[in-house]
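S.K.: Give the three-dimensional model of this entry:
(one chain, ligands or ions: 2)
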Amino acid sequence: MAIDMYKLAPSILAADFWRLGEYIKEVEEAGADYLHIDVMDGAYVPSISFGAPVIKSIRKESKMVFDVHLMVEEPIRYLEDFKEAGADIITVHAEACRHLHRTVAKIKELGLKAGVSLNPSTPLVELEYIYQDIDMVLIMSVNPGFGGQSFLPLALDKIKTLKEILKQRQLNIDIEVDGGITLSNVGEVLKAGADVIVAGTAVFNGDIKKNVIDFKSAFPKPEAVK
Ligand SMILES: O=C(CO)[C@H](O)[C@H](O)COP(=O)(O)O
Ligand SMILES: [Fe+2]
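M.R.: Numbering: from 1, shown residues only. Ligands and ions are numbered 1, 2, ... in the order given. Next comes the predicted model:
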């Protein structure tokens, strides 16, 4: 992976929704790459966050890549809505799709990048027959449903194994990691093989601009990348 391909994806779940527009501008101007947008339906995960209308509103004001993480039962029902709202990447949970292959095919038909997410206890083997069809794997390093949880170290082995599989099979798929990532553990997440780092609490608490810059400075430097 090229050095400029590491991405920071601040999760707006941790933002103050009253000031959402300002917060998004701040991460965009500070150099964040993607905007990570967590959609929760209160069924697949316990919480309800927000849906397509909110994404549609922020799409009018932001040029960032919208990385939409659907924590929704049978997300195939809503893919057109999220495309219309302005999603660039749609990630679905393997565990939430009755027909994962059909769901991914539909994301691609809509002209979007497709990601598949695995919960902490879901093995990589779930991806075996879908690798050819996806652009990104999202490894959850917390159980989905809430921001501000602690990083589960079991994710590190999973990232390393996935990186090895992708390398061996020469697959051009990004590894995104989501949940509990801070400036203290981002180094080991990147070392394990992550390409895209999601961070909510650690970006939106305190000095947002500084947090974005600090995260981006933790990304490997050109001489460190083989
Ligand atoms: O998908 C998510 C939760 O299900 C969020 O993206 C994730 O939790 C990010 O928030 P934090 O960095 O605060 O853990
Ligand atoms: Fe997320």
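
S.K.: alpha carbons only for contacts and neighbour counts from here, please
M.R.: Will do.

S.K.: Is residue 132 in a helix, a strand, or coil?
M.R.: helix (DSSP: H, G, I helix; E, B strand; the rest coil).

S.K.: roughly how far apart are it and ligand 1?
M.R.: 24 Å (CA to the nearest ligand atom, to the nearest Å).

S.K.: what sits against that residue?
M.R.: Applying CA atoms under 8 Å, 6 or more residues apart in numbering, we find residue 132 in contact with residue 171.

S.K.: Tell me where this structure has strands.
M.R.: 7-10, 34-40, 65-71, 89-93, 113-118, 136-140, 174-178, 196-199 (DSSP state E).

S.K.: and the angle from the fourth one to strand 113-118?
M.R.: Spelled out, that is strand 89-93. Relative orientation of strand 89-93 and strand 113-118, computed by axes from the mean of the first three to the mean of the last three CA atoms, to 10 degrees: 30 degrees.

S.K.: Show me what the mean pLDDT comes to for strand 89-93.
M.R.: The average pLDDT within strand 89-93 is 98.

S.K.: Quickly check: that strand near ligand 1 or not.
M.R.: No. Strand 89-93 is not in contact with ligand 1 by CA under 6 Å from any ligand atom; minimum separation 10.5 Å.

S.K.: partner strands of that strand, parallel or antiparallel?
M.R.: Neighbouring strands of strand 89-93 in its sheet, by DSSP bridges, are strand 65-71 (parallel), strand 113-118 (parallel).

S.K.: Now do the last one and strand 174-178, the angle between them.
M.R.: Read that as strand 113-118. Strand 113-118 and strand 174-178 meet at an angle of 50 degrees, taking the same axes, to 10 degrees as the criterion.

S.K.: is ligand 1 contacted by strand 113-118?
M.R.: No. Figure legend: strand 113-118 not in contact with ligand 1 (CA under 6 Å from any ligand atom); closest approach 9.8 Å.

S.K.: ok, back up a step: so can I have CSV of the strands of the chain showing mean neighbour count and distance to residue 26?
M.R.: Below are the strands of the chain laid out as CSV (neighbours: other CA atoms under 10 Å; distance: least, CA to CA, whole Å):
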stretch, mean neighbour count, distance to residue 26
strand 7-10, 26, 11
strand 34-40, 23, 11
strand 65-71, 24, 15
strand 89-93, 25, 21
strand 113-118, 24, 25
strand 136-140, 24, 25
strand 174-178, 25, 21
strand 196-199, 26, 15
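
S.K.: TSV for these, including distance to residue 106?
M.R.: Shown next, in TSV, are the strands of the chain (distance: least, CA to CA, whole Å):
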stretch	distance to residue 106
strand 7-10	24
strand 34-40	18
strand 65-71	14
strand 89-93	11
strand 113-118	9
strand 136-140	15
strand 174-178	19
strand 196-199	23
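
S.K.: quick one on the thing from earlier: is it possible to export the strands paired with strand 89-93 to CSV including mean pLDDT?
M.R.: Output for those, formatted as CSV (pLDDT from 0 to 100):
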stretch, mean pLDDT
strand 65-71, 98
strand 113-118, 98
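
S.K.: how about the ones you listed in JSON lines, adding distance to residue 80?
M.R.: What follows is the strands paired with strand 89-93, written out as JSON lines (distance: least, CA to CA, whole Å):
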{"stretch": "strand 65-71", "distance to residue 80": "13"}
{"stretch": "strand 113-118", "distance to residue 80": "13"}
